[in-house]
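1. Let's see this in three dimensions:
(3 chains)
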Amino acid sequence: MKLTIKQVTKTFKEKKALDAIDLELTTGVYGILGANGSGKTTLMRILASVMKPTSGQVLLDGQDIMAMSHEYRNLIGYLPQHVGLYKNFTAEKFLKYIAALKGLPKEETDEKVDEVLELVGLSEARRKKVGEFSGGMKRRVGIAQALLNDPKILIVDEPTAGLDPKERIRFRNLLSKISSNRIVVLSTHIVSDIEFIAKEVLILKEGQLIKKETPQRLLKGIEDKVWTLVIDENEIPRYQSQYKVGNIARVDDRFQLRILSDDQPDHDAIQDHPNLEDLYLYYFDEEETA
Amino acid sequence: MPEDQQLVKEILDGSQAAMEVLTRKYYKAIFAYVYRKVGNRETAYDLTQEIFIKVFQRIQSYSNKGKFSSWLYSIAVNHCRDYWRSSDFKQISKQAALNEAFVCEQNNVPYIFERKEVREQVKTAVDSLPDFQREVVILKYFHHFKIKEIADVTDSNVSTVKSRLHQGLGKLAKLLKRGVEDENQKTTPYI
Amino acid sequence: MRTRKLHHTYDTENDNQIEELELEIGTFLDEYDVEYPTEEEIMLTIHAIRPHVPVKENKWNTAIKGMASIIKQAYEEMFYVSPLFWTANGLLFLIALTGVFVMDGNPYTMMMVLAPIPTITGLIEVLKSRNSGMAELEMSFKYSFQELILSKMLVVGGFNLVINLLVTISFGMLNQEILVSKLLLYWMTPFTVFTALSLLFVGRYRGIYSITGGVVLWLTSSVFLSQTTVVERIESMPAEIYLLVIAAAALTVLFQAIHIYKRGVSFETNH
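-> Okay, the predicted model is just below:
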């Protein structure tokens, strides 16, 4: 199974949200990294066929997904970034409703709903109203509905936004559990979400695809660009204005800065192993990482 | 080609006659492609039939944007690739080899023999190319496709096609010329 | 091996080399002729293709299929419409009945005023997915968003129709003086007009606005209807005019439904 994105461009009025994206996706998890406004969500919507590209096309095994229509939508599971749920429905009723909308045969519905509830760990809460759920639980309901039709292509936009760290880990584990035999496209601006589960990381910036690599290869690319340096507090602003500064940690009464720079920022600076957070900082501006 | 679009339109309206016209128009070209790709007549016949069935099953999704022939070839290319990957390929190819050996013996007339030998050599050489190289070589040489068209039909880009073509043709040249040299060596004692 | 090393440079030199290679081995390649199938074999293939030629699209068949899937979905939707909708509208009609029988109101104007209420309140249900942010999700489902909108409208409109019929029947049975045909005309007109308007709204405007619009429109018409002079004038209008309005509204409903089904509801925002 192969999803081909061919010269996809999307323009909103004057603004180019996506600029001639070319991509090929096969089975596995793809993490799309990008700041707000980088075109992530637009790309996701086009993949989910809820939005038409201004030009270019998306092909599944050579067939245009827009022409496939029902046939394509039957193959995908989509979780939009801002998904509302019917608050007065219980989790179970909500999923049954979605199953009906997805055209699942009635006799399969009950079993399938049980299965996805179990998978996302909501079996206990099945009779509770969705409106009373925590953010993490709502996200899990969202994932559960996406999985109802056993999709071959799973598209999840910013699934971990607004989740606490514990829920994020849980969510990650869930994703890696369900990612076999599917194309999973996951967008996030939190790097640790995809560090260990993504087959490839795609970096989008201002509507353009600037990198498509395995996480390991990407890290290799900035191997000699990460430095740590211990300085006094009053020196911090100087470094912040000159370099991309990541983590700042207190060491006794001084501060350790994590600096991204092609050259050694100071002769006391020590090289360190890069992680994906560094990578993100390297490609995006500091304020975007907040 | 406006003519093809007209036929497609009629086919969408359910015209069997238009289907026949369109099929006949491209049958031989597609068959030739498949034949050289799989190197066996029976298999090529079956695959060609499957390709055309696929074409008419999907005719609704053919958008008038591109040339019909390009769309048709891209289905053919993909179908052959799928066949190549499928499990029944190996079985059939064994069987085919047996059949062919049998046919060869039957046709063992000295007059054809010489030509046939060169042909067999070419065939073996073409068959020995990796899948992607064979594709582009066949489309370029036997179907006179432009590089850009090949790129469209094989779902790749111009530079990839060029490099595949270059490698494929280079390999063929090496194989075929070595073959001739072997022949020459064989014949030298007589000179 | 030289040629191989060069394959990374895709320039005219490369193109020339490709051409040269073709010329070089052309005489060999030309020997690779094709054993084409016989005419009979080609004919067999053509016969095998025949069943796969699209059957001339029968407009009626597709229309019926589309309708069937909408009706099927409407049936499903019934179980998911909020209970509030059913009870509120049920109550409303109880009030109408009491108004007529206990307080001796004019049954015709009463019907006229109340007839479109379920449709207007039903818009809340129809637009529920937009208001709760479900629309984007629903667009990605097998059943298209437009099918969903229409099936919801069908549930709402159908319910409205049933409840109006029930009231008409009970009026007719309990009060011999009432002209059932006149009563029918009196509620069919606002009902069809409002359904048509709702569909027009649903196709064009987002969310809560259409409901507000519907309510405002309804209130103004109700105020008008409470004026005795207006009532008299309306009553003096010939039945043909009512029929004409009903027909026009019904046609609008039909065309608007087809329009929504075919074109969908736009979802082209960026945020």
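2. Now do the same contact list for residue B:133.
-> By Cβ atoms under 8 Å, 6 or more residues apart in numbering or on different chains, the contact list for residue B:133 reads B:164, B:165, B:167, B:168, B:171. From N, CA and C alone the C-beta is placed, and that goes for glycine too.
3. try it again with 10 Å
-> Residue B:133 makes contacts with B:126, B:163, B:164, B:165, B:166, B:167, B:168, B:169, B:170, B:171, B:172, as judged by Cβ atoms under 10 Å, 6 or more residues apart in numbering or on different chains.
4. go on, residue C:137?
-> Residue C:137 is in contact with A:48, A:50, A:78-80, A:82-85, A:98, A:101, A:142, A:145-146, C:129, C:145, counting by Cβ under 10 Å, 6+ apart.
5. Name the helix or strand for whatever residue of the stretch 101-250 of chain C ends up closest to chain A, please.
-> In the stretch 101-250 of chain C, no residue comes nearer to chain A than residue C:133, which is 2.7 Å away by Cβ to the nearest Cβ. Residue C:133 is part of no helix or strand when elements are defined by DSSP states H and E.
6. What of the one 5 residues further on?
-> In the assignment (DSSP H and E), residue C:138 maps to helix C:135-139.
7. Restrict that helix to CA atoms and write it as CSV.
-> Extracted as CSV, the C-alpha positions of helix C:135-139 are listed here (Å, rounded to 0.1, in the frame of the first residue of the first chain):
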residue,chain,number,x,y,z
ALA,C,135,-18.3,18.4,11.2
GLU,C,136,-14.7,17.9,10.2
LEU,C,137,-14.7,14.4,11.6
GLU,C,138,-18.0,13.6,9.9
MET,C,139,-16.7,14.7,6.6
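8. and it, average pLDDT?
-> Across helix C:135-139, pLDDT averages out at 80.
9. Could you do stretch A:191-199 as well?
-> 79.
10. swap in stretch B:138-153?
-> On average, stretch B:138-153 scores 90.
11. Please apply the same query to stretch A:160-178.
-> In this model, stretch A:160-178 has a mean pLDDT of 79.
12. Could you confirm whether that stretch reaches chain C?
-> No - against chain C, stretch A:160-178 shows no contacts by Cβ under 10 Å from any Cβ of the partner chain, the least distance being 14.0 Å.
13. Report the buried residues of that stretch.
-> For stretch A:160-178, the neighbour count (16 or more other Cβ atoms under 10 Å in any protein chain shown) marks A:160, A:161, A:163, A:167, A:168, A:170, A:171, A:172, A:174, A:175, A:178 as buried.
14. and these, which two are the farthest apart?
-> A:161 and A:178 (19.2 Å; Cβ to Cβ).
15. Residue of chain B closest to chain C, please.
-> residue B:14 (3.2 Å).
16. Can you report how many residues neighbour that residue?
-> 14 (other Cβ atoms under 10 Å in any protein chain shown).
17. Helix, strand or coil: sort out it for me.
-> Look at residue B:14: counting by DSSP: H, G, I helix; E, B strand; the rest coil, its state is coil.
18. Would you check how far apart the closest residue to the residue of the stretch 101-250 of chain C closest to chain A other than its chain neighbours and residue A:138 are?
-> Spatial nearest neighbour of residue C:133, excluding adjacent residues (Cβ to Cβ, 6 or more residues apart in numbering or on different chains): residue A:84 at 2.7 Å. According to Cβ to Cβ, to the nearest Å, residue A:84 and residue A:138 sit 9 Å apart.
19. anything in contact with each of these two?
-> residue A:130.
20. what's the next secondary structure element after the helix or strand that contains residue C:149?
-> Take DSSP H and E as the rule and residue C:149 turns out to sit in helix C:145-174. Downstream of helix C:145-174, the first helix or strand assigned by DSSP H and E is helix C:180-204.
21. Tell me the buried residues in that next one?
-> C:183-203.
22. what does stretch B:68-79 give?
-> For stretch B:68-79, by 16+ other Cβ under 10 Å, it's B:68, B:69, B:71, B:72, B:73, B:74, B:75, B:76, B:77, B:78, B:79.
23. Report the mean confidence score over it.
-> Rounded mean pLDDT across stretch B:68-79 is 91.
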